[in-house]
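>>> Next input, structure requested:
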Amino acid sequence: MACIAFIGVILASKFASFLSAFLGALTLYIIMRKMMTWLMTKLKWKRNLAAAVLMLISFVVILIPIGALALMLTSKISFAIDHSNEIIASLQTFIQNIERDHNIDLISQENLLKITGYITQTIPKLINATFGTLGTVFFMYFILYFMLVSGDEMETDLYEHIPLKDENVRLIGRELETMVISNAVGIPLIAILQGLVAVIGYYIIGVKEPWFWFVITCIVAMLPIVGAAIAYVPLAIIFFANGNTWQGIFMLVYGFGVIGVVDNVFRFTLAKRFANVHPLITVFGVIIGLQLFGFLGLIFGPILISMFILLLKIYSNEFIVKQREAGPKKKAA
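Residues are numbered from 1 along each chain as shown. Presented below is the predicted three-dimensional model:
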């Protein structure tokens with residue numbers, strides 16, 4: 001037993017770098033498994049062909065838009081690097097005006113230089129992370145192919161080797177499928193709906209490049225607690241820095257009064273349609289998941305907490321209840 005545990009720890013430590021690729025493949029497998037079955041049973045397609053077609057569809061629907069987004073952000077980052085001195089000068093002017101008008105000290109020159117240095121150091125890390133993501137995507141599809149082709153055998157082996165009752169194993173499977181679909185589909189859908197509401201306000205207020213900010217809003221809207229405020233608060237600051245005070249005020253009012261409200265409406269109505277998950281599980285799950293799994297933590301963070309609670313219930317039903325029932329029988333004997 002100790003030898004098995006020792007080898008397992010070594011393998012787990014070496015495969016840790018592939019965890020994101022495995023979780024991404026598992027997410028796509030759960031979403032595609034019913035379509036895979038339909039293609040093979042209804043249309044009589046071979047496994048290899050069905051798997052290849054589904055992977056191609058997912059690549060077109062998911063990865064091409066993400067790639068276009070990466071190119072867009074890269075161009076904006078390059079522009080920010082090339083015009084960093086102008087941006088810092090505008091920010092300094094904005095801060096100095098506020099300090100002069102209200103007789104307060106917001107930020108010192110030393111702290112501003114520290115912030116600038118931090119941003120300069122962060123940008124290369126983002127670029128390196130982009131290349132790392134390409135490797136993750138490659139291994140994700142590599143794993144996904146074998147999951148789709150050998151899905152039935154994989155699920156049968158799991159049913160046989162998990163040391164739980166069959167009904168509890170099926171319960172875990174249903175819960176996992178529901179949670180993955182809820183988070184993988186529900187969270188991006190809510191973010192896109194919130195982005196559409198935001199882009200209407202961007203057009204009304206006069207934001208430059210509103211569709212670029214629509215994309216930024218959709219991305220940050222998937223983050224917990226602060227969410228879309230990461231997009232519209234900097235926009236308001238940009239308006240203030242350029243002397244457009246009323247536009248900045250309207251941006252804040254629309255952001256907190258409209259975008260923030262519809263976020264709660266969409267989150268609590270649509271999320272319950274996909275899976276009746278408590279909001280605290282979603283919030284804390286996303287926070288923990290982002291630290292553990294990176295971007296995929298948006299999906300697997302809430303799943304981790306939900307599965308832990310479910311396993312506690314299963315343990316209670318399988319072991320604690322049995323022990324309580326066995327107690328009176330022993331006394332009667």
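
>>> contacts and neighbour counts: CA atoms only from here.
Will do.

>>> Which element, helix or strand, includes Tyr232?
When elements are defined using DSSP states H and E, Tyr232 is found to belong to helix 229-241.

>>> Mind giving me the packing neighbours of that helix?
On a contact count with 3 or more C-alpha pairs under 8 Å, 6 or more residues apart in numbering; DSSP states H and E, helix 229-241 meets helix 84-102, helix 210-221, helix 245-254.

>>> ok, 10 Å please
Taking 3 or more C-alpha pairs under 10 Å, 6 or more residues apart in numbering; DSSP states H and E as the contact definition, the neighbouring helices and strands of helix 229-241 are helix 84-102, helix 187-205, helix 210-221, helix 245-254.

>>> which regions of the stretch 101-250 of the chain sit below the pLDDT cut-off?
In the predicted model of the stretch 101-250 of the chain, residues 101-134, 224 satisfy pLDDT under 70.

>>> any idea how far Val169 is from Ala16?
When C-alpha to C-alpha, to the nearest Å is the yardstick, Val169 and Ala16 sit 25 Å from each other.

>>> swap that for Lys34, please
Using C-alpha to C-alpha, one gets 29 Å for the distance from Lys34 to Ala16.

>>> Also Ile249?
On the measure of C-alpha to C-alpha, Ile249 and Ala16 end up 47 Å apart.

>>> So for these two, which sits in the more crowded spot?
Set side by side, Ile249 and Ala16 show more neighbours around Ile249, with 15 against 11, by other C-alpha atoms under 10 Å.

>>> and the nearest residue to that one once chain neighbours are set aside, how many residues sit next to it?
The spatial neighbour of Ile249 that comes closest, neighbours along the chain excluded (C-alpha to C-alpha, 6 or more residues apart in numbering), is Ala236 at 7.0 Å. As a burial measure, the neighbour count of Ala236 was computed by other C-alpha under 10 Å and equals 23.

>>> Confirm for me that Leu223 is in contact with Ile288.
No - because the distance of 11.6 Å does not satisfy C-alpha atoms under 10 Å, Leu223 is recorded as not touching Ile288.

>>> list residues touching both of these two?
Leu298 (C-alpha atoms under 10 Å, 6 or more residues apart in numbering).

>>> And Ile237, how close does it get to Trp211?
Between Ile237 and Trp211 the computed distance is 19 Å (C-alpha to C-alpha).

>>> more neighbours, the two?
When Ile237 and Trp211 are compared for neighbours, Ile237 comes out ahead with 20 against 17, by other C-alpha under 10 Å.

>>> Report the contact partners of the more buried one.
Leu91, Phe94, Gly243, Asn244, Thr245, Gln247, Gly248, Ile249, Met251, Leu252.

>>> Nothing else from me, thank you.
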